[in-house]
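*Asks:* coords please:
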Amino acid sequence: MIQCANPLEQYNSYKQEIDQAISKVLNKGNYILGEEVSKLEEEFSRFIGVKHGIGVGSGTEALHIALKACGIGSGDEVITVSNTAVATATSIILSGAQPVFVDIESDFFSMDINKLNAAITRKTKAIILVHLYGCPAEVETILKIAKENNLVLIEDCAQAHGATYKGKRVGSFGDLSCFSFYPTKNLGALGDAGMVLTEDFKLAEECSQLREYGWKERYSSSSLGWNSRLDEIQAAVLRVKLKYLDSDNKRRINISNIYKDKLKNSALILPKERYDTSHVYHLFVVTSDDREMLKRHLQEDGVFANIHYPVPIHLQPFYKSLLPKTDLKITELLANKILSLPIYPELKEIEAERVVNSIINFS
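*Replies:* Numbering: from 1, shown residues only. Predicted coordinates for the structure are as follows:
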């Protein structure tokens, strides 16, 4: 079976270096927030192009901490999209605020800038801008709108490690940016991990305290915080993989080019790339009017295709009961048509061709 993602293959690619890095940590005896975490924070923030990185327990925790660091809480509204991973909305709810969903562009699956202003109210305090599937959102315009309305801009870069917008890496535009290092991400750990990035020293300090019980000094809480510490083993693994992130992203792009070339005459609508950006293809998402039949056909041919995401957040039972009804026509339409084809750096060209041939045979 050709998998949609395959973190085991990536581990095998860098096995010797990863095993050595883990062994080094194990033999040092310091397993939480030590030298490896500090070095990863420095190296990854430099890679993205910002001053401060704060390693945390997951991408969800990164978003939660970012919101709390900005003082977002009860009575506030945070604008985002509904076609993303539920973690984006979860973090808003956990902060005490209410998510407000804006519909998306059909071409790029990201926030529709033409519908953003109408969603802003006196309660709006922040925008979480999601760079979905590895495709940079229209960050420049949204940043301008955020500044005009005195709103915090948080970039959700969980699927966009290394992507660029007009020559700058995404994650370097907002007041804060949040990354997930879940194993299947473009930069993935061997467990849960995440990071908050910011140019602002005070926000960085606040995030650092929030991840560890509100401590400025050990065992003395200066503010409310909780346990979201990044461990040394995951940091060591990520430091190994970070060295190869650009080349791994190039492999993803190469696979995407195979799909685009071979499927250009198919009935599928293929992913588009925004002008002057680099898409890093965390996922290769096509749209099909026969999505379920195609998915089943691929499965029978030994190809696992997935759906990211089958139910928009605003239609999931918990959020549907909690939030007012929202008109998100494009979000709902695309949720019934999207399909993620296999893509990861270790996917062989012959395997990509097999995926292509299966789709052509279906057509």
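*Asks:* residue ranges for the strands of the stretch 151-300 of the chain, please.
*Replies:* All strands of the stretch 151-300 of the chain, identified by DSSP state E, counting those that start in this stretch, fall at 152-156, 164-165, 168-169, 176-180, 194-198, 215-217, 220-221, 277-278, 284-287.
*Asks:* Alpha carbons of the last one, as PDB, please.
*Replies:* Put plainly, it is strand 284-287. Only the C-alpha atoms of strand 284-287 are listed here, as PDB (Å, rounded to 0.1, in the frame of the first residue of the first chain):
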ATOM      1  CA  PHE A 284      -1.100  17.500  -2.600                       C
ATOM      2  CA  VAL A 285      -4.900  18.200  -2.500                       C
ATOM      3  CA  VAL A 286      -7.000  17.700  -5.600                       C
ATOM      4  CA  THR A 287     -10.700  18.200  -6.000                       C
END
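*Asks:* what does the helix ranked longest in the chain contact?
*Replies:* If you go by DSSP state H, the chain has its longest helix at helix 245-262. By Cβ atoms under 8 Å, 6 or more residues apart in numbering, the residues outside helix 245-262 that reach it are 10, 47, 134, 161-162, 186-187, 241, 270-271, 279-282, 284, 341, 343-347, 349, 352-353, 355-356, 360. Quick note: C-beta positions are derived from backbone N, CA and C, even for glycine.
*Asks:* mind listing what the closest residue to residue 230 other than its chain neighbours touches?
*Replies:* In this structure, residue 230 finds its nearest non-sequential neighbour in residue 55, 3.3 Å apart by Cβ to Cβ, 6 or more residues apart in numbering. Residues near residue 55 by Cβ under 8 Å, 6+ apart: 33, 37, 40-41, 193-195, 211, 229-230, 235.
*Asks:* what about the longest helix of the chain, distance to the chain center?
*Replies:* 18 Å (Cα atoms, centre = their mean, to the nearest Å).
*Asks:* Next: stretch 214-223.
*Replies:* 30 Å.
*Asks:* Could you list the buried residues of that stretch?
*Replies:* residue 215 (16 or more other Cβ atoms under 10 Å).
*Asks:* Just the residues contacting that stretch, thanks.
*Replies:* Taking Cβ under 8 Å, 6+ apart as the rule, stretch 214-223 contacts 206, 209-210, 213, 224-225.
*Asks:* Can you show me the CA trace of that stretch as CSV?
*Replies:* Written as CSV, here are the backbone C-alpha positions of stretch 214-223 (Å, rounded to 0.1, in the frame of the first residue of the first chain):
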residue,chain,number,x,y,z
GLY,A,214,4.3,30.8,34.7
TRP,A,215,7.8,30.5,36.1
LYS,A,216,10.3,33.3,35.8
GLU,A,217,12.4,31.5,38.4
ARG,A,218,12.1,27.8,39.1
TYR,A,219,9.3,27.0,41.6
SER,A,220,8.0,30.6,41.6
SER,A,221,5.0,31.3,39.4
SER,A,222,4.8,34.9,38.4
SER,A,223,1.7,34.3,36.3
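*Asks:* Quick one: mean pLDDT for that stretch?
*Replies:* Mean pLDDT, stretch 214-223: 86.
*Asks:* again with stretch 82-102
*Replies:* 98.
*Asks:* shouldn't residue 187 be in contact with residue 241?
*Replies:* Yes: using Cβ atoms under 8 Å, residue 187 makes contact with residue 241 at a distance of 5.8 Å.
*Asks:* For residue 103, list the residues it contacts.
*Replies:* Counted by Cβ under 8 Å, 6+ apart, residue 103 has contacts 81, 112, 115, 327-331.
*Asks:* Repeat the analysis, applying 6 Å as the threshold.
*Replies:* Contacts here follow Cβ atoms under 6 Å, 6 or more residues apart in numbering; on that basis residue 103 touches 112, 115, 328, 330-331.
*Asks:* Could you check how far it is from residue 326?
*Replies:* Computed as Cβ to Cβ, to the nearest Å, the residue 103 to residue 326 distance reads 9 Å.
*Asks:* What is the neighbour count of residue 176?
*Replies:* 29 (other Cβ atoms under 10 Å).
*Asks:* so who does it touch?
*Replies:* 66, 154, 196, 198.
*Asks:* Dump those residues to TSV, plus neighbour count and pLDDT.
*Replies:* Formatted as TSV, the contacts of residue 176 follow (neighbours: other Cβ atoms under 10 Å; pLDDT from 0 to 100):
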residue	neighbour count	pLDDT
66	32	99
154	30	99
196	32	99
198	27	99
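*Asks:* between those, which is nearest residue 107?
*Replies:* Closest to residue 107 out of those is residue 154 (23.4 Å), distances taken as Cβ to Cβ.
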